[in-house]
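K.L.:
Give me a model of this one.
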Amino acid sequence: MQQTPLQPTGTATRRRCSRWLFVLAALACAPLMAVAQTATAPVDSATRDPDRPRTCLVLGGGGARGAAHIGVLKVLERERVPIDCIVGTSMGAVVGGLYASGYTADEIEAVLDRIDWTEVLRDKPPRDERSMRRKEDDLRLLGGVEVGLSNGKIAFPQGLIQGQKLEMLLRRLLLPTWQVRDFDHLPIPFRAIATDIVSGEKVVFAQGDLALAIRASMSVPGVFAPVRYEDHLLVDGGVVDNVPIDEARRLGAQRLIVSRVGSPLMTEAQLDSPLAISHQMASVLMQREVLAQLATLGPQDLLITPPLGDMGSQDFNRSPQAVGVGEQATQAEVAAVRRFQVDHTRYAAFQRQHRPPAYEAPIVAFIDVLRDKTRTARYIEQRLKPEVGQPLAPDRVEQNVATAYGEGRYQQVQWRLEERDGQQGLVLAPQDKRWGPDFLHFALRLSDDFDGSSNYQLITELTRTGLSEQGAELKLRVGLGEVEEAFAEYYRPFGSSGRHALSTYAKYRATDLDLALMRGGALAEFRYSQWLGGLRWAYSPHPDWEIALFGERGRERLRLDVGNPTELGNYRADMGSLGWQLRHDSIDSSAFPSRGQRLSLTRQHYLDALGADNSAAVTRVQWDGAWAHGHNRWLGGLRASSAHGGDDLLATYGFLGGLGNLSGYPEESIFAPQTALARVVYYRRVAHADSLLTIPLYVGGSVEWGGFWQRREDVSLDGMQTAGSLFVGADTFLGPVFLGYGRAQGGHTSFYLTFGSLLRTLDGF
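P.N.:
Okay, the predicted model is just below:
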């Protein structure tokens, strides 16, 4: 029976509260398979053998427990059981869709074995693939919380995860089938089950976009955002049909092999919270439907229920164990399995058909960016336009898409291959966040030495996006605490490539200063404040590089709060400057990096001609490099700031002090015209991922060598101090958190509780 791409069946509505998370990320490291240039024909060998009953494989949902399906497939292959059709729900759709597309059980298992679950379950692309602008945002707003503003009202996403990475991975793995619109024309005919969350109807994918069909089938409500397809808003198929036996029979199946991996009902002792009760209620409703389906099985069918015990639907780290359990459970039924067996000749014919087509990368003849769901289509177009005329390079396409998605204004950026008038091209479908276009970010910075010295700041930042098709935006930021801050910026990309940008900004900053460390005693406390307005041009030829020119005009002020006013008075100076900056950033994480480098070179001249009261110049250098071996990680670093002329111009000073920045001194307690620091930081992850919800925990320490001087001619190696630290760190949703102890030469010691990155910049006011 020919079906439409989306065939709604049934009217029952089931709410699924299953905790299982993020199924498909397992595909992260799978090898790229072939791109079909012509659609594959329906299988006409073993899978169409008229002398053998039509055998259909039914793979149920169950989150991480669904890895057991792979074990089932391994035994079926070993026992020469050809499959004529596959129907899958959720994780069953993932495993079934890959198998139907030509993957073998061993290939699917190999994919599963090489997964970094933590990384693939994050919507944000890897930090080293984001633009330079977003990398700086990442350092400033470590962790943090995002809230959307739409039409003046607070708005939230429809799921914790938008599924960007999952869909990209699926699409890459299914490239061999990109021209197959009818799922009957896959190496093995296939159906995926989803649920229309609006109507409650079951939706059966028989045609259309295979990657999107599988993605919709495993869209756990509340965890993954629903998938929009035509007029349907789709979530996990297990909501209404977790073991879709009826759909297999609609495909003409005469006998079934059913793999059931759903979680059992919780015991009375486990029903200890409202969430547990809600979960149980949903599971009871789902199980009732599953039992009704299982009751239709006959003696010609085979039901396999792997004994997965207490394995949760979110325990993807235990997926290899589930594969083994599925294999053992199927092997235990080997006598029944052999009823489906064929001879070597027929199975060899099946295997020849059950492979993807040969690879031939298509030439990208056009780029089409759909504009109906985004304000910034031109931004996407500019980044993908260089692909025209080139053979398809999925790595390059994915990196450009990841960089675009990393701008933070898109809910999803989908890409697919299409053929039009005999030419192949890329179609991109960016979708702005439905909870935008304005976003509030909240972040926390904190440093406390448990001895009266604390430094904290609560940050609120509003970003208005989509102000031009190239991605212009407005930022407004306020910081409250020991450091007061206000910042406003209008940023506008321009040029045919969109790699140039102009920004105009104004900022205010105020903080308390203690002169004790500079003058040898607790002489005075001042309040320092600074107002600046500026214009900046930047060019970013690559996401890792940026060169910029800037000009600023403003004023700084120093007000005496505590001290002898006859010896130390107030101070005020006008500033006007021009400068340049070169930046490189390929660091993979702002929390606990394991690879990449970060370099910043800045030169700034304060000029009388621009209204500066003091002519001066300052050069600032910062370099960080990270590398790893297993769970061991190292972070090397160099920092230097050197000013000359205008000795009283505090804007030219550099900072030291704090964990990893001349440990033993309080945070940012040293400020001087000349500063230098070299360091090596070591840390090792000690909390292994027993669950996806485990917070990464590290232990480590640092060795540092630094100094600070008033005049350039005073700089010498003799003035350098040795320091070091020991710490425990955690990578939390608020960003990295450290509890540590530091000691510096001369007896300076300090304990630290710090919310902030080891990469933080201490370049001045």
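
K.L.:
residue boundaries of the helices in the stretch 501-650 of the chain?
P.N.:
Using DSSP state H, counting those that start in this stretch, the helices of the stretch 501-650 of the chain run over 516-519.

K.L.:
which intervals of it have sub-threshold pLDDT?
P.N.:
515-523, 563-569, 646-647 (pLDDT under 70).

K.L.:
which residues in it form strands?
P.N.:
525-542, 545-562, 571-585, 596-606, 616-629, 632-644 (DSSP state E, counting those that start in this stretch).

K.L.:
partners of the residue nearest to residue 753 when sequence neighbours are not counted in the sheet?
P.N.:
Nearest non-adjacent residue to residue 753, counting by Cβ to Cβ, 6 or more residues apart in numbering: residue 448, 4.6 Å away. Any C-beta I mention is one placed from the backbone N, CA and C, and that applies to glycine too. Under DSSP bridges, the beta-bridge partners of residue 448 are residue 454, residue 753.

K.L.:
would you list every one of the strands in the stretch 101-250 of the chain?
P.N.:
145-150, 153-155, 159-161, 190-196, 202-205, 222-224, 227-229, 232-236.

K.L.:
Surely residue 306 is within a helix?
P.N.:
No. The assignment for residue 306 (DSSP: H, G, I helix; E, B strand; the rest coil) gives coil, which keeps it out of a helix.

K.L.:
on that earlier part again, if we compare the strands of the stretch 501-650 of the chain, which one ends up closest to residue 732?
P.N.:
Among the strands of the stretch 501-650 of the chain, the nearest to residue 732 by Cβ to Cβ is strand 632-644 (17.7 Å).

K.L.:
So which other helices or strands are in contact with the following helix or strand past that closest one?
P.N.:
Counting by DSSP states H and E, the next helix or strand C-terminal to strand 632-644 is strand 654-656. For strand 654-656, the packing partners by 3 or more Cβ pairs under 8 Å, 6 or more residues apart in numbering; DSSP states H and E come out as strand 632-644, strand 670-672, strand 674-685, strand 697-709.

K.L.:
looking at the strands of the stretch 501-650 of the chain, which is closest to residue 270?
P.N.:
Per Cβ to Cβ, nearest to residue 270 of these: strand 632-644, 38.2 Å.

K.L.:
and that closest one, which residues are buried?
P.N.:
By neighbour count on 16 or more other Cβ atoms under 10 Å, the buried set for strand 632-644 is 633-635, 637, 639-643.

K.L.:
Go through those residues and name the one nearest residue 665.
P.N.:
For these, the nearest to residue 665 is residue 639 (14.2 Å; Cβ to Cβ).

K.L.:
ok, now which ones touch the closest one?
P.N.:
Taking Cβ atoms under 8 Å, 6 or more residues apart in numbering, we find residue 639 in contact with 621-623, 654, 661, 675-677, 706, 762.

K.L.:
shaky segments in the stretch 651-765 of the chain?
P.N.:
The low-confidence ranges in the stretch 651-765 of the chain, as defined by pLDDT under 70, are 687-694, 762-765.

K.L.:
so residue 162 sits right up against residue 123, yeah?
P.N.:
Yes. Residue 162 lies in contact with residue 123 (Cβ atoms under 8 Å); the separation is 5.0 Å.

K.L.:
check contacts around residue 393.
P.N.:
Counting by Cβ under 8 Å, 6+ apart, residue 393 touches 361, 387.

K.L.:
same question, the one 4 residues further on
P.N.:
Contacts for residue 397 (Cβ under 8 Å, 6+ apart) come out as 384, 387, 415, 426.

K.L.:
quick one on the thing from earlier: let's have the strands of the stretch 101-250 of the chain in TSV, adding distance to residue 711.
P.N.:
Converted to TSV, those look like this (distance: least, Cβ to Cβ, whole Å):
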stretch	distance to residue 711
strand 145-150	45
strand 153-155	53
strand 159-161	55
strand 190-196	71
strand 202-205	73
strand 222-224	60
strand 227-229	64
strand 232-236	67
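
K.L.:
any idea how the chain splits into domains?
P.N.:
Domain ranges of the chain: 6-123+162-353, 126-159+361-493, 499-755, per automatic domain parsing.

K.L.:
and those domains, which is most packed in?
P.N.:
domain 6-123+162-353 (a mean of 21; mean count of other Cβ atoms under 10 Å).

K.L.:
roughly how far out does that domain sit from the chain middle?
P.N.:
25 Å (Cα atoms, centre = their mean, to the nearest Å).

K.L.:
Which pLDDT value belongs to the residue most central in space within the chain?
P.N.:
Nearest residue to the geometric centre of the chain (Cα atoms, centre = their mean): residue 124, 2.7 Å. In this model, residue 124 is scored at 80, pLDDT.

K.L.:
Report the beta-bridge partners for the residue lying closest to residue 587 once chain neighbours are set aside.
P.N.:
The spatial neighbour of residue 587 that comes closest, neighbours along the chain excluded (Cβ to Cβ, 6+ apart), is residue 596 at 4.0 Å. Beta-bridge pairing of residue 596 under DSSP bridges involves residue 626.
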